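Novice: One predicted model, sequence on top.
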Amino acid sequence: LIFTHYGHRNRLYSCKKIFYTQERYFPDWKNCDAAITSAFCDHPRAYYFPFFAAHRRGEDLLRPAGFDPEKILRERRGFCTYLHKYEDRSVAPRTRFFHTLNRKKKVDAFGRAGNNTGLEIPGVAGEAKQQVLRRGRFHIAFENRLTPGWTTEKFTDAFEAHTVPIYWGDEHALQWFNTKAFINVRKFRDFQECCDYILHLENTPDEYLRMLAEPPFPDNRVPEIYSRDKLLAFLIREIER
C-alpha cells in the first residue's frame with residue numbers, strides 16, 4: 001500500500017506500507033515500512049525526493065545551445081514579481097521581505113497576498129504562473145517556512161521563466177544548484193542588505209546579465225537528485241525486502 005498524509009484509512013491495512021508526501025511531513029515509522037519524503041529524513045528506509053524534483057523534470061531547466069540572455073534582457077519586463085496566496089504569521093519573513101523591497105522599488109504582486117496590480121492570477125501554478133514570472137527580471141521565491149531539505153517549485157519555476165530567483169529557504173537542497181544563478185537571501189546580514197544588492201543588479205545590467213546567463217545546474221547537467229532510476233531502485237528494494 002502506498003499512502004500519503006491525508007486521512008487515516010491506511011491504518012485499516014496490515015500489508016507492507018510505503019508513505020509518500022510532497023509536503024513537509026515526516027513518516028510515522030510505527031505505521032509504515034518505508035517512506036519517500038520531500039523533506040530530508042535521515043533514516044535507512046527513507047528516500048529523499050525533494051518537491052522540485054517530483055514537480056518537473058530536470059531536463060526542463062537545462063540551458064539549450066544558443067541560449068541568449070541578452071535577448072531576454074531586451075524583453076519588456078518589469079522589475080520583480082510576487083505571487084502568493086496569503087499573508088499571516090506563518091509566513092512573516094516572506095511578507096516582511098516583500099514590503100522591504102517594495103518600498104525601495106515597486107514589486108508587482110499578482111496573488112491575493114499584497115496584491116497591488118489589480119490582476120489576481122487564479123492559483124499559483126501552471127502556465128498562468130509562468131506568464132506572471134516572465135513579467136519580471138526577478139522573482140521573490142520564498143518557502144513558507146524552514147524545514148531541512150524542503151525546497152519546492154517556487155525556486156525552480158523562476159528558472160524556467162528565465163528570471164532570477166530571490167530565494168529564502170532551507171539550504172540543504174541548494175547543493176545541487178549553481179549558486180551564481182540566483183540570490184540566496186540567507187547569505188546576507190539582513191533583508192535590507194539583500195534588497196540593496198538586488199537594486200544594484202537592477203541598475204547594473206552587465207552584472208545582472210552575468211547572473212541570468214548562468215545555468216541553474218552546475219555545468220548545465222541534471223543532478224542525480226532528479227534520477228527516476230534511483231527512486232525506482234529504492235521502491236523495488238523496499239517492496240521486495
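Specialist: That came through fine.
Novice: hey, let's count contacts and neighbours off CA atoms from now on
Specialist: Will do.
Novice: Can you give me the distance of Glu23 to Tyr48?
Specialist: According to C-alpha to C-alpha, to the nearest Å, Glu23 stands 12 Å off from Tyr48.
Novice: Please apply the same query to Phe155.
Specialist: For Phe155 relative to Tyr48 (C-alpha to C-alpha), the value is 18 Å.
Novice: same deal with Trp150?
Specialist: 10 Å.
Novice: neighbour-wise, which of the two wins?
Specialist: Legend: neighbour count by other C-alpha atoms under 10 Å for Trp150 and Tyr48, higher for Trp150 (26 against 18).
Novice: what secondary structure does Asn31 sit in?
Specialist: Under DSSP: H, G, I helix; E, B strand; the rest coil, the three-state class of Asn31 is coil.
Novice: Not counting its own residues, what contacts the helix or strand of the chain with the lowest mean pLDDT?
Specialist: None of the helices or strands of the chain scores lower by mean pLDDT, DSSP states H and E than helix 126-133, at a mean of 87. With contact meaning C-alpha atoms under 8 Å, 6 or more residues apart in numbering, helix 126-133 is reached by Thr81, Phe110, Ile121, Pro122, Gly123, His139, Asp157, Ala158, Glu160, Ala161, Thr163.
Novice: how about the residues you listed, which pair is most distant?
Specialist: Pro122 and Thr163 (20.8 Å; C-alpha to C-alpha).
Novice: what about the two, which has more around it?
Specialist: Each of Pro122 and Thr163 has its neighbours counted (other C-alpha under 10 Å); Thr163 has more, 25 against 12.
Novice: can you tell me how far that one sits from Pro148?
Specialist: Distance from Thr163 to Pro148, by C-alpha to C-alpha: 25 Å.
Novice: Likewise for Gln130?
Specialist: With C-alpha to C-alpha as the criterion, Gln130 and Pro148 are 27 Å apart.
Novice: Equivalent analysis for Asp190, please.
Specialist: To Pro148, Asp190 is 21 Å away according to C-alpha to C-alpha.
Novice: before we move on, what about Arg96?
Specialist: According to C-alpha to C-alpha, Arg96 and Pro148 sit 22 Å apart.
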